[in-house]
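Asker: could you look at this predicted model? Sequence included:
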Amino acid sequence: MIKAQQINYRHKEFHILNNVDVSLGFGEFLAIVGPNGAGKSSLLSVLANEVKSRQQILFKDKNITDWKITELSKHKAKFSQHNSNDIPLEVKDVVMMGRYPYFDAQPKEEDLQATDEMMHQTDVYHLKGREYNTLSGGEKQRVHLSRVLAQLKNEITQKLLFLDEPLNNLDVKHQYKALEIIKNFTQNENSAVVVLHDLNLAAQYADKILLMKSGKVAAYGTPEEVFTAENISEAYNFPCTICDHPITNNPMIIFG
Ligand SMILES: Nc1ncnc2c1ncn2[C@@H]1O[C@H](COP(=O)(O)OP(=O)(O)OP(=O)(O)O)[C@@H](O)[C@H]1O
């Protein structure tokens, strides 16, 4: 799906990303984890072609910079960490922004269907007529999840979703619901790259984990391979214990 080797990204003299390799297969859920400032959001921005790195990023075997922007936006979408708090539109119109690549002046029936379906999935349909600016933090977050899902609602196969901390502000039910939606998205050869802070949720949902520290890859592999007490306490500079989750059997991380 996406492949990049030796990604380097600098701001002035500060080395934000240092020789980072990423390779993501079709149908994979990759979680990027690591402490604050490790470079997770920067890596996501580079992979999504929002900021330029000198290294080539191959998306579906073609250099991502060679894709036409309108075509690319039907194959990949990105949910950003910092969505605007001030959008003077109703909720349904914010979600419709995800359909802009599909119509010129007026949304078509399929655009309305896509937005309705995604608002239902993300549990914001009852808010569709509300002013976006009056929503709570978690509700706004769900509206943007709905928007990026609506953007990728089409007949194209093997699509890619980038999500930067999609669980921020969500209550526990909506955190699990969002992860289920992302997991379901990856069932049909679609892939997702998701920045997460909750390591236990990452262990439960992700196929692969990329653990970052100081702009570098500290560890990469399955949750069982990456989530060792040594890897985690070294990356976060904080003690932890690993045990088996009593229900899922995934690694369970207990800090302190
Ligand atoms: N434009 C920039 N100018 C200067 N420094 C930057 C710039 N963008 C990012 N950085 C620095 O690069 C480092 C990585 O930032 P990034 O946002 O990628 O980290 P992160 O792992 O996503 O962190 P967090 O968990 O806090 O969201 C940070 O130290 C940040 O201050």
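Answerer: Nice, thanks for sending it over.
Asker: which other helices and strands contact whichever strand or helix holds Lys92?
Answerer: Using DSSP states H and E, Lys92 sits within helix 91-96. When contacts are defined as 3 or more Cβ pairs under 8 Å, 6 or more residues apart in numbering; DSSP states H and E, helix 91-96 sits against helix 109-121, helix 137-151. All C-beta spots, glycine's among them, are computed from the backbone N, C-alpha and C.
Asker: so which of those comes closest to the ligand?
Answerer: Between the ligand and those, the shortest gap by Cβ to the nearest ligand atom is with helix 137-151, which sits at 15.0 Å.
Asker: ok so, going back, in the helix holding Lys92, what's buried?
Answerer: 91-92, 94-96 (16 or more other Cβ atoms under 10 Å).
Asker: and these, which is closest to Thr222?
Answerer: Val95 (34.6 Å; Cβ to Cβ).
Asker: which element, helix or strand, includes the spatially most central residue of the chain?
Answerer: Nearest to the geometric centre of the chain sits Leu163, at 1.6 Å (Cα atoms, centre = their mean). Using DSSP H and E, Leu163 sits within strand 160-164.
Asker: take the helix or strand immediately after that strand in the chain, keep the C-alpha atoms, and write them as CSV.
Answerer: Later in the chain than strand 160-164, the nearest helix or strand by DSSP H and E is helix 172-185. Output in CSV follows, covering the C-alpha atoms of helix 172-185 (Å, rounded to 0.1, in the frame of the first residue of the first chain):
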residue,chain,number,x,y,z
VAL,A,172,-14.9,5.2,26.3
LYS,A,173,-17.9,3.9,24.2
HIS,A,174,-17.0,6.2,21.3
GLN,A,175,-13.3,5.3,21.5
TYR,A,176,-14.2,1.6,21.0
LYS,A,177,-16.7,2.5,18.4
ALA,A,178,-14.1,4.6,16.4
LEU,A,179,-11.6,1.7,16.6
GLU,A,180,-14.2,-0.8,15.4
ILE,A,181,-15.0,1.5,12.5
ILE,A,182,-11.3,1.7,11.6
LYS,A,183,-10.8,-2.0,12.0
ASN,A,184,-13.8,-2.7,9.8
PHE,A,185,-12.4,-0.3,7.2
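Asker: any idea how far stretch 180-193 is from the chain center?
Answerer: Chain-centre distance of stretch 180-193: 11 Å, with Cα atoms, centre = their mean, to the nearest Å.
Asker: residues making contact with it?
Answerer: Contact with stretch 180-193 is made by 1-2, 24-30, 32, 44, 47, 121-122, 145, 149, 152, 157-163, 166, 194, 205, 207, as judged by Cβ atoms under 8 Å, 6 or more residues apart in numbering.
Asker: mind checking which of these are buried?
Answerer: Buried among the contacts of stretch 180-193 (16+ other Cβ under 10 Å): 1-2, 24, 27-30, 32, 44, 47, 121-122, 145, 149, 152, 159-163, 166, 194, 205, 207.
Asker: the ligand next: which of the contacts of stretch 180-193 are close?
Answerer: Here nothing survives when those are matched to the ligand using Cβ under 6 Å from any ligand atom.
Asker: now the helices for this structure?
Answerer: Ranges of helices in the chain, per DSSP state H, are 40-47, 69-75, 91-96, 109-121, 137-151, 172-185, 199-205, 223-226, 229-236.
Asker: now render the helices and strands packed on helix 91-96 as TSV, adding mean pLDDT.
Answerer: Shown next, in TSV, are those (pLDDT from 0 to 100):
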stretch	mean pLDDT
helix 109-121	97
helix 137-151	96
